[in-house]
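Chemist: Structural data only, the sequence is not supplied:
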């Protein structure tokens, strides 16, 4: 009995000492982290020019999952931003109408409301503007605003839901309001409660020693100079290859990024800094989607953006930290969509002769 | 006051008389219907060789919604059997890997557990056997059992879920058990509570006068000689064109139906009678998916199967009845799927040169 008590005292002593020492360093690390990052809130933020009402959220959920917003009736927002898969499609670049391969990797919808703008080049100022893009893109949903409006107006339950979501409007069923409702739903797609957020909120035990080491490296090496704020990214634009351009596979020459938006020479190969929230769930990485391993993505960032060679040990530590950014994924009830009517424009799949021969 | 009482007595008298008369006819109609049809149960039936446990249902739901069962990671069971859209894709025939157009219209998954066999030609004896088909079909998910098993075994949460769903098995993560789990989930996709089911359970007021007239025509004209039982169909095989073959668009010459399964001459153009449950939600109709209007489908059935010309009034009445077959659609929480790992075979989309040129 005495022996057990002695061992216990020793054990407590050791734990106490290491806790006190760790506590000092931890406190500094936590303060440093809290000055650079913010936790994901549990409630959606207020949106400029849009009210996030329960009616808009519910209507937006219908629209988000409705493949009848596409010309083929096969592709919904959720096809490329799949809520079962971290809000992405896990493809190098997205596959759309006619099995066309799009030019860039689909960014996650999760927490995207906190980005300063949308798309890799920031060409949409918010999620409302973003929602209108893929629906019209020939290699994505390949539809037109007019056809979308005729579709929605032909379905009485949609008309009723638009009326409820946009009360008092003379013509509530519109392409613009569709985008507003989708934005309202997307604003609810948040992933709070990650280990890192618990840490940011003061729970020192929420991160392991290895994860804290990764966090320290992430800040000390300079990653957080771009990847900061609530989304650890999404707050600014930087050239891909600040120090050294990666190879043409990772940074294809023909995609000049933000230059296409601003037509300013200094914006060549400039992209929006992507969020690192839930990053372990959303490979492949970069706008080209050419990198499947987080370790490789971190190493490329080190050399191209910071001009440093991270060794394997450092890369692994940073990846260990990045995995603490995975939060609680939003749970939604899969919607039962209202049926189309005789007035609804029917799907057009544009099957090529090549594909027809396939069966 | 006396006048009002008199009017009231008259009104009550009239109502009473018509109720008694209607009651007599209603009673006969209800008895006739109850002898031919059965309501959809609220609980899944027992399955031969498969246990519908909560663990299997939950695992089956993951698998049903997981596009990583396809070669491209783009197509899940739910793509063609969309639970938001009556368990179908609303396409003439389904579009699969490489945007290939499949040969037949996708039947609904809802209540499919009550069909005597699966597929239009009945080539799968149950949903377990069915689930294995589209995953391997080149024009659908284009995968292989081996690749599916490697995929599932590479994801620890799947391994754990298979262990729980198939306790005591030495090698629980298998293509066969995947199919069993999907079958267990699909067995829960029932739509009880339709107006017609309420009527079958004795609620004479559940159907309107017009709906009852349609029901009477449906039975008297002979529709229910094939479309009977719990699914109003799904219980037998009949030639399409018992009396008169419809045109080549509706009944393409090259698709000989059940003949391909049995190689028996008498099975040429023989198909499984489809269920009429939720039929208003699942156009287009027939194995060819060439008919979008329920009225037209009913008229074709009249001439081709029964050798009668239903007039517009009769067709409309039958359609009015068919709409009472729409039940409560199953509500499911959209699953959060477990992430893949470094050992998971990555997606292969096989983008054609034609599609590449598209962007």
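Modeler: Received the coordinates, thanks. Bear in mind that the values here come from a model prediction, so they are computed numbers and not experimental data.
Chemist: List the contacts of whatever residue of the stretch 151-300 of chain A ends up closest to chain B.
Modeler: Closest residue of the stretch 151-300 of chain A to chain B, Cβ to the nearest Cβ: residue A:281 (5.3 Å). The C-beta positions use only the backbone N, C-alpha and C, and glycine is treated the same way. Under the criterion of Cβ atoms under 8 Å, 6 or more residues apart in numbering or on different chains, the neighbours of residue A:281 are A:85-86, A:88, A:108, A:326, B:339.
Chemist: And it, how close does it get to residue A:114?
Modeler: As judged by Cβ to Cβ, to the nearest Å, residue A:281 and residue A:114 stand 17 Å apart.
Chemist: Please apply the same query to residue A:156.
Modeler: For residue A:156, the distance to residue A:114 - Cβ to Cβ - is 36 Å.
Chemist: What of residue A:200?
Modeler: Taking Cβ to Cβ, one finds residue A:200 at 14 Å from residue A:114.
Chemist: Touching, residue A:87 and residue A:79? I think so.
Modeler: No - look at residue A:87 against residue A:79 with Cβ atoms under 8 Å: they stay out of range, at 11.8 Å.
Chemist: neighbour-wise, which of those two wins?
Modeler: residue A:87 (26 against 23; other Cβ atoms under 10 Å in any protein chain shown).
Chemist: Contacts only, for that one.
Modeler: Counted by Cβ under 8 Å, 6+ apart, residue A:87 has contacts A:81, A:108-110, A:112, A:189, A:278, A:282.
Chemist: Which of these sits closest to residue A:97?
Modeler: residue A:81 (16.2 Å; Cβ to Cβ).
Chemist: and that closest one, how many neighbours?
Modeler: Counted by other Cβ under 10 Å, the residues lying close to residue A:81 total 23.
Chemist: Residue numbers of the stretch 251-359 of chain A in contact with chain B?
Modeler: Applying Cβ under 8 Å from any Cβ of the partner chain, we find that the stretch 251-359 of chain A lies next to chain B at A:280-281, A:292-293, A:329, A:331-337, A:339-340, A:342, A:346-347, A:349, A:351-352, A:354-356, A:358-359.
Chemist: With adjacent residues omitted, what lies nearest to residue A:210?
Modeler: Spatially, and ignoring its direct neighbours in sequence, residue A:210 is nearest to residue A:320 (5.1 Å; Cβ to Cβ, 6 or more residues apart in numbering or on different chains).
Chemist: what do you get for residue A:122?
Modeler: Nearest non-adjacent residue to residue A:122 (Cβ to Cβ, 6+ apart): residue A:272, at 4.7 Å.
Chemist: Could you report the neighbour count for that neighbour?
Modeler: 24.
Chemist: My guess is it contacts residue A:240. True?
Modeler: No - using Cβ under 8 Å, residue A:272 makes no contact with residue A:240, being 10.5 Å away.
Chemist: Quick one: the helices in the stretch 1-150 of chain A, in order.
Modeler: A:2-36, A:54-65, A:77-80, A:127-136, A:145-153 (DSSP state H, counting those that start in this stretch).
Chemist: Can you pull the domain assignment for chain A?
Modeler: A:54-190+A:336-356, A:193-325 (automatic domain parsing).
Chemist: Redo these as CSV? Include mean pLDDT.
Modeler: Listed next are those as CSV, based on pLDDT from 0 to 100:
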stretch, mean pLDDT
domain A:54-190+A:336-356, 96
domain A:193-325, 95
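Chemist: Adding distance to residue B:134, write those out as JSON lines.
Modeler: Below are the domains of chain A laid out as JSON lines (distance: least, Cβ to Cβ, whole Å):
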{"stretch": "domain A:54-190+A:336-356", "distance to residue B:134": "15"}
{"stretch": "domain A:193-325", "distance to residue B:134": "26"}
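Chemist: Give me whichever of those is most buried.
Modeler: Most buried of the domains of chain A, by mean neighbour count (mean count of other Cβ atoms under 10 Å in any protein chain shown): domain A:54-190+A:336-356, with a mean of 20.
Chemist: Quick one: end-to-end length of stretch A:104-111, please.
Modeler: In stretch A:104-111, first residue to last residue: 19 Å (Cα to Cα, to the nearest Å).
Chemist: Now do it: distance to the chain's middle.
Modeler: The chain centroid and the centroid of stretch A:104-111 are separated by 4 Å under Cα atoms, centre = their mean, to the nearest Å.
Chemist: what does stretch A:172-184 give?
Modeler: The answer for stretch A:172-184 is 21 Å, by Cα atoms, centre = their mean.
Chemist: ok, and does it reach over to chain B?
Modeler: No - using Cβ under 8 Å from any Cβ, stretch A:172-184 stays clear of chain B, coming no nearer than 15.5 Å.
Chemist: Run through who's touching that stretch.
Modeler: A:44, A:47, A:50-53, A:56-57, A:59-60, A:63-64, A:69, A:77, A:113, A:126-132, A:145, A:148-149, A:152-153, A:158-159, A:162-163, A:165-166, A:169.
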